[in-house]
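S.K.: Prediction below, plus the sequence it came from.
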Amino acid sequence: MSRRQRILAGLAVVVAGLATTPGIAAADAALPTYTYLDLGTIGVPSTGEPPSSDAYALNAAGTVVGVSTIDGIFNHHAFAWTGGTMTDLGAMYAGTFGASSAAGINDAGVIVGSTHVNATDPPHAFRYAGGTLADLGTGYGAGSGSHANDVNDSGTVVGTRFERQGSPERAVVWRDGTILDLGTLGGQAGAWGTDSIAYAVNDAGHVVGGAITPSGALHAFVWKGDALRDLGTLGGRTESTYARDINDHGDVAGISQNTSGQLHATLWSGGTIRDLGTLGGNYSEARAVNDAGQVVGIARTSGGGSYTERAFLWQGGRMVDLNKRVRGLPSTVTLRSAEDVNDDGLIVGFACPVACDAGGDAARRAYLLVPTGLA
């Protein structure tokens, strides 16, 4: 039995212990339905802060990574969750304020993110493999920082770095022990700004993110080993277009401002730019796209503010609220964001178990959605 098969077998055991109920509209039968798993937390803070966790990525085997509160001190650590068990990945700095967060994982189980490395410097990008956290560095000296956002199956890592507090962030690639600065789309940010940021890399080594243009606007880019290429926008004029993910077919998902001034989830595919719409509100953002073309992210429903944000799935030209696709979702739980989707259609993100629409994000929990019939 392969590692992936073992993971899915473990999920079957976990899912089998959960009650499911009907209630999915017959008209939506072509869309997937899911079972909801609360992934829990590493621990409970001693400060009175509610225990919380966020899931940011998963691989083909269904291993989920993110960040969680830990026991005792007021802090958070990166985690890896598999088969019902959440593992604390620790932090390179073990002091009171040493924190870490995981942002990406490849199919070999290599995990990347950021961690404090000492008591004074900003966090550094890390690579976790074989039970060990390794500092990927910044390429600069003391006072500099970096963050890793994704890693592909060849081990190429992408993210950002900055030289000192207050200096602009730049998109970078860590590969074969070197750090490559990807530059910008011709612009330059001021203090505390973003020159460029790399969010994702596919198995061809193509990198996507956002970079500043000569006009000062932030545009989505793709990098294929040479110069950054501007992917274009939905017609808006502000610095609000960037790419969050790229699949192995080269489809890119992210966000762009349209001509009405609204920020909408966007799909760049086959030379076209597609507005994926919203759930009735004025905002949406695509966070991930798998090789089947399923897109997930966050979107507002009618009513306006950020407390109406919901996790969405876009498939076959239609955006749906994932809260309406889960069988037996507890009435106290709201899926606020979908952060990643793998090629089997498993989805991770964060949910609010209580007071979600009143701003109760402090209690949010990492979740996994398992498509019906998979496990």
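M.R.: Perfect, thanks for sending it. What you see is a predicted model, and the numbers here were worked out from it, not measured in a lab.
S.K.: Am I right that residue 236 is in contact with residue 266?
M.R.: No - Residue 236 is beyond contact range of residue 266, at 10.5 Å (criterion: C-beta atoms under 8 Å). For every residue, glycine as well, the C-beta is placed using N, CA and C.
S.K.: okay, the two: which has more neighbours?
M.R.: residue 266 (30 against 18; other C-beta atoms under 10 Å).
S.K.: And that one, what's its pLDDT?
M.R.: Note for residue 266: predicted pLDDT of 99.
S.K.: Just grab the bridge partners of the residue nearest to it when sequence neighbours are not counted for me.
M.R.: Leaving aside its sequence neighbours, residue 266 sits nearest to residue 256 (C-beta to C-beta, 6 or more residues apart in numbering; 4.3 Å). On the basis of DSSP bridges, residue 256 is bridged to residue 264.
S.K.: All the strands of the stretch 1-150 of the chain, in order from the start?
M.R.: 34-38, 53-58, 64-69, 76-82, 85-90, 100-105, 111-115, 124-129, 132-135, 145-151 (DSSP state E, counting those that start in this stretch).
S.K.: Nearest approach to residue 339 belongs to which of those strands?
M.R.: Nearest of those to residue 339, taken as C-beta to C-beta: strand 53-58 at 5.0 Å.
S.K.: List the strands paired with the closest one, with their directions.
M.R.: Assessed with DSSP bridges, strand 53-58 is paired to strand 64-69 (antiparallel).
S.K.: Buried residues, the partner strand. List them.
M.R.: For strand 64-69, the neighbour count (16 or more other C-beta atoms under 10 Å) marks 64-69 as buried.
S.K.: got the angle between it and strand 111-115?
M.R.: 20 degrees (axes from the mean of the first three to the mean of the last three C-alpha atoms, to 10 degrees).
S.K.: quick thing: my sequence starts at 320, can you match it?
M.R.: From this message on, residue numbering opens at 320, which makes the last subject strand 383-388.
S.K.: Just give me how far strand 383-388 sits from the chain centre.
M.R.: 11 Å (C-alpha atoms, centre = their mean, to the nearest Å).
S.K.: Break this protein down into its structural domains.
M.R.: Using automatic domain parsing, the domain parsing of the chain gives 320-454+633-694, 457-465+473-594.
S.K.: and those as JSON lines, adding distance to residue 614?
M.R.: Shown next, in JSON lines, are the domains of the chain (distance: least, C-beta to C-beta, whole Å):
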{"stretch": "domain 320-454+633-694", "distance to residue 614": "4"}
{"stretch": "domain 457-465+473-594", "distance to residue 614": "5"}
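S.K.: Lowest average pLDDT across those domains?
M.R.: domain 320-454+633-694 (a mean of 86).
S.K.: quick one: secondary structure of residue 642?
M.R.: helix (DSSP: H, G, I helix; E, B strand; the rest coil).
S.K.: What count of nearby residues applies to the nearest residue to it once chain neighbours are set aside?
M.R.: Distances taken as C-beta to C-beta, 6+ apart place residue 654 nearest to residue 642, at 5.1 Å, with adjacent residues excluded. For residue 654, the count of nearby residues is 27 (other C-beta under 10 Å).
S.K.: Spit out the contact partners of residue 654.
M.R.: Residues counted as contacts of residue 654 (C-beta atoms under 8 Å, 6 or more residues apart in numbering) are 355, 629-630, 641-642, 645, 648, 668, 670, 686, 688.
S.K.: Now for these, which sits with the most neighbours around it?
M.R.: That'd be residue 686 among the contacts of residue 654, by other C-beta under 10 Å, with 31 neighbours.
S.K.: Phi, psi for that residue please.
M.R.: Per-residue torsions, residue 686: phi -140, psi 160 (degrees, to the nearest 10).
S.K.: how about the helices in the chain?
M.R.: Under the criterion DSSP state H, helices of the chain are mapped to 322-335.
S.K.: Name the single longest strand found in it.
M.R.: strand 599-608 (DSSP state E).
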